[in-house]
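K.L.:
the following block contains a protein sequence and its predicted model.
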Amino acid sequence: MSETQAGAVGVKRGAVYIRESTREQDKGFSPEKQKDAIREYAAKNGIKIVAMYKDLMSGKTAARPQFQQMLTDAEAKQFDVVMVYHTSRFARNRVDASSLKKHLRKIGVDFVSVSQPTFGDPTRPESQLSEGMQELFDEHQSNVISFWVRSGLQQKRKEGYALGNPPLGYCRKPGNSKDWFIDPKEKEVVLEMFELYASGNYSLTDTAIELNKRGHAAKTGNPFMYSGLPSILKNRVYIGILPSGDPNLPNVKGNYEAIVPADLFNKVQKVFEERRGRHGRPPAPHRFYLLQGLLFCHRCRKHDRGEPVKPNGVKLTPSMHASAHVLKSGEERHHYTCKFYKENRSCNQKPVPCKTIDDQVLDFLGSMEMPEEMVDIVGEMMASMFDNHQVHFGDKDRGRLASLQRRLAKLKTMYLHDDDMPEKEYRTEADALKVEISTLEQAETNTDVLPLNREQMIYASREFVRRIPKQIANRSLSPDELRGWIRQVIKRVWVKGNRVVEIEPHDEYKRLFAAVRKAYSQPPSLP
């Protein structure tokens, strides 16, 4: 934005962006220093700070949530200038830095680095050269830091020092960040675990149950769960070997004392090998579980309400998992099973047939009489959408569509040119962007058609909402449609025995469930 433009609209609105990574805390880039310098610059230049974004200990732009929010707010014209302490705080990849600054300026948002000389008019060649050299230097500095950090870690590993936090059985002494020492109490737990499983008389679940019976606990202080045992029982760290994790690097003898004898470790691996064929479960993409991910065990609700045992512990979730049991005849029986019953038998909630729980939830939803209040709300929303459709799409949705298309293109560029971006991360984010882009493109296509059918479409929408309970009761929706609607309105379903005892709606649907409670003197499946 030029000086003339700024004067025309009055005082500039500024956004502050702050970023810090752990390796730069002592290099003059602390959050407070960045914030103070930017505030001083804003005060001197008549810029009113209206937004502040801060990402701590994060790297690439795609992985910085506050950075992405800043870009979204810039699209919405919530400020006129983005201020950073140093250009390296914005982006150290020169391709990202250049394209993002160009995009901000294209939508009328300035970019300022308060600790560096101004680059001048960004449209002039000499300013572009100056700014480009700074971006190149920032990227070079980032590469140098990464190189030395990697070199230092590799050297530590060559010397036999383990990287990361010590596992169960080991600890670091206060003030010593490099050496691992044996924790005597935890060592005994590790040895008991290996001996139990090596005997061949205990499954993973039985091993977890026995350890918990003896009063032992995991590193976090939580009870042992069978799913956490393989990461200990297969870890070669316990026999004094540091696995490389890289096929191009050899394993290294650790510079610490081993806990588990090699012969005991090998016995455990042999048991794993013998059981792999007998207990492995083939993948079954054809299986469908209506409430998977929504069910929780009411008997274990104490875990949901409690806190982790240790400050660094993980809060346990009383979820119920879906599973299938295949009979000799080939028939499949599907069940929902409490996580704690399955993993260490600390709960007496037995597996319950999926159909038993699915039918209770569907019967409750199907028994609803959709309150007219909700039908009216939907009708009003549809009327408002149709009355303002042209304005909304022209002024906002087209900008949003263009922004999403640019983000998708940028994400693809980053994936193709950045070896550190995992494919799964790229696919997940790209798919989400494509879904939203497709929705907006469809809306744009229908822009001229929708207003012509205003009354018919509003009526159809109201009737659709009215008919949802009946369609659920008649099971006339497809399984995917049923699951989609249930996931949209329901947050959690709590099960006790073979009964649904509570259904929690998402916040935006609490009014609907409150209205239903008024309609029934004893509403089924609700507290």
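P.N.:
Sure, I can see it. Residues are numbered from 1 along each chain as shown.
K.L.:
hmm, residue 110 and residue 80 touching each other?
P.N.:
Yes: using Cβ atoms under 8 Å, residue 80 is in contact with residue 110, at 6.5 Å. Heads up, the C-betas are built off the backbone N, CA and C, glycines and all.
K.L.:
thought residue 350 was touching residue 341?
P.N.:
Yes: contact criterion Cβ under 8 Å: residue 350 and residue 341 qualify, at 7.0 Å.
K.L.:
the two: which has the busier surroundings?
P.N.:
residue 341 (20 against 11; other Cβ atoms under 10 Å).
K.L.:
number of residues surrounding the residue nearest to that one when sequence neighbours are not counted?
P.N.:
Using Cβ to Cβ, 6 or more residues apart in numbering and skipping residues adjacent in sequence, the residue nearest residue 341 is residue 347, 4.5 Å away. Burial measure for residue 347: 18 neighbouring residues, criterion other Cβ under 10 Å.
K.L.:
torsion angles phi and psi at residue 347?
P.N.:
Backbone torsions of residue 347, given as degrees, to the nearest 10, read phi -120, psi 150.
K.L.:
shouldn't it be in contact with residue 320?
P.N.:
No: with contact defined as Cβ under 8 Å, residue 347 does not reach residue 320; the gap is 10.0 Å.
K.L.:
which residues do the two both contact?
P.N.:
Taking Cβ atoms under 8 Å, 6 or more residues apart in numbering as the criterion, residue 347 and residue 320 both touch 297, 338.
K.L.:
re the thing from before, ok, the residue nearest to residue 341 - contacts?
P.N.:
Residue 347 sits next to 297, 299, 300, 338, 340, 341 when contact means Cβ under 8 Å, 6+ apart.
K.L.:
where are the low-confidence patches of the stretch 151-300 of the chain?
P.N.:
Low-confidence segments of the stretch 151-300 of the chain, defined by pLDDT under 70, are located at 151-160, 163, 175-177, 244-249, 277-286.
K.L.:
quick one, helices of it?
P.N.:
Ranges of helices in the stretch 151-300 of the chain, per DSSP state H, counting those that start in this stretch, are 184-198, 204-213, 230-233, 262-279.
K.L.:
can you lay out those as a markdown table showing mean neighbour count?
P.N.:
Below are the helices of the stretch 151-300 of the chain laid out as a markdown table (neighbours: other Cβ atoms under 10 Å):
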| stretch | mean neighbour count |
| --- | --- |
| helix 184-198 | 18 |
| helix 204-213 | 19 |
| helix 230-233 | 17 |
| helix 262-279 | 13 |
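K.L.:
dump the ones you listed to CSV, plus distance to residue 431.
P.N.:
Listed next are the helices of the stretch 151-300 of the chain as CSV, based on distance: least, Cβ to Cβ, whole Å:
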stretch, distance to residue 431
helix 184-198, 40
helix 204-213, 34
helix 230-233, 29
helix 262-279, 33
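K.L.:
of all those, which one is nearest residue 367?
P.N.:
Among the helices of the stretch 151-300 of the chain, the nearest to residue 367 by Cβ to Cβ is helix 204-213 (38.8 Å).
K.L.:
does anything pack onto the closest one? Which helices or strands?
P.N.:
Helix 204-213 is packed against helix 184-198, helix 339-344, with contacts defined by 3 or more Cβ pairs under 8 Å, 6 or more residues apart in numbering; DSSP states H and E.
K.L.:
that helix vs helix 262-279, what angle?
P.N.:
Relative orientation of helix 204-213 with respect to helix 262-279: 130 degrees, computed using axes from the mean of the first three to the mean of the last three Cα atoms, to 10 degrees.
K.L.:
which residues are contacting helix 204-213?
P.N.:
189, 192-193, 196-197, 202, 223-227, 229-230, 342-346.
K.L.:
now with 6 Å, please.
P.N.:
Contacting residues not belonging to helix 204-213 are listed as 196, 197, 223, 224, 225, 226, 229, 344, 345 [Cβ atoms under 6 Å, 6 or more residues apart in numbering].
K.L.:
I'd say residue 477 and residue 469 touch.
P.N.:
No: with contact defined as Cβ atoms under 6 Å, residue 477 does not count as touching residue 469 (11.0 Å).
K.L.:
one step back: can you tell me which of the helices of the stretch 151-300 of the chain is nearest to residue 84?
P.N.:
helix 230-233 (40.7 Å).
K.L.:
picking up where we left off before, and the helices and strands packed on helix 204-213 as JSON lines, adding distance to residue 460?
P.N.:
Shown next, in JSON lines, are these (distance: least, Cβ to Cβ, whole Å):
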{"stretch": "helix 184-198", "distance to residue 460": "61"}
{"stretch": "helix 339-344", "distance to residue 460": "43"}
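K.L.:
for residue 329, which of those helices is the nearest?
P.N.:
helix 339-344 (24.3 Å).
K.L.:
which element follows the closest one toward the C-terminus?
P.N.:
strand 352-353 (DSSP states H and E).
K.L.:
so for that next one, what's the average pLDDT?
P.N.:
Mean pLDDT, computed over strand 352-353, is 92.
K.L.:
now what about that strand, what contacts it?
P.N.:
335, 336, 498.
K.L.:
repeat the analysis, applying 8 Å as the threshold.
P.N.:
Contact with strand 352-353 is made by 333, 334, 335, 336, 337, 495, 497, 498, as judged by Cβ under 8 Å, 6+ apart.
K.L.:
quick check: domain ranges of the chain?
P.N.:
Per automatic domain parsing, the domain ranges recorded for the chain read 3-145, 170-279, 372-515.
K.L.:
circling back: if any of the contacts of residue 347 are buried, put those into a ChimeraX selection.
P.N.:
Burial among the contacts of residue 347 is assessed by 16 or more other Cβ atoms under 10 Å; the matching ChimeraX selection reads:
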select :297,299,300,338,340,341
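K.L.:
any chance of the contacts of residue 347 in JSON lines, plus distance to residue 52?
P.N.:
Shown next, in JSON lines, are the contacts of residue 347 (distance: Cβ to Cβ, whole Å):
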{"residue": "297", "distance to residue 52": "42"}
{"residue": "299", "distance to residue 52": "45"}
{"residue": "300", "distance to residue 52": "41"}
{"residue": "338", "distance to residue 52": "44"}
{"residue": "340", "distance to residue 52": "43"}
{"residue": "341", "distance to residue 52": "47"}
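K.L.:
which one of the contacts of residue 347 sits closest to residue 241?
P.N.:
Residue 241 lies nearest to residue 340 out of the contacts of residue 347, by Cβ to Cβ, at 33.6 Å.
K.L.:
let me know the pLDDT of that closest one.
P.N.:
Looking at residue 340, the pLDDT reads 88.
K.L.:
likewise for residue 130?
P.N.:
Per the predicted model, pLDDT is 68 at residue 130.
K.L.:
and for the one 3 residues further on?
P.N.:
Reading off the confidence values, residue 133 has pLDDT 67.
K.L.:
then residue 403?
P.N.:
Predicted confidence (pLDDT) at residue 403: the value is 80.
K.L.:
could I get the CA-only coordinates of the helix or strand encompassing it as CSV?
P.N.:
Residue 403 is located in helix 398-417, with elements delineated by DSSP H and E. Extracted in CSV, the C-alpha atoms of helix 398-417 (Å, rounded to 0.1, in the frame of the first residue of the first chain):
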residue,chain,number,x,y,z
ARG,A,398,-14.7,-15.7,-4.8
GLY,A,399,-11.8,-14.3,-2.7
ARG,A,400,-11.9,-17.4,-0.5
LEU,A,401,-11.9,-19.7,-3.5
ALA,A,402,-8.9,-17.9,-5.0
SER,A,403,-7.1,-18.0,-1.7
LEU,A,404,-7.7,-21.8,-1.4
GLN,A,405,-6.5,-22.4,-4.9
ARG,A,406,-3.3,-20.4,-4.2
ARG,A,407,-2.8,-22.3,-1.0
LEU,A,408,-3.2,-25.6,-2.8
ALA,A,409,-0.7,-24.6,-5.5
LYS,A,410,1.8,-23.4,-2.8
LEU,A,411,1.4,-26.6,-0.8
LYS,A,412,2.1,-28.6,-3.9
THR,A,413,5.2,-26.5,-4.6
MET,A,414,6.4,-27.0,-1.0
TYR,A,415,5.9,-30.8,-1.2
LEU,A,416,7.7,-31.1,-4.5
HIS,A,417,10.7,-29.0,-3.4
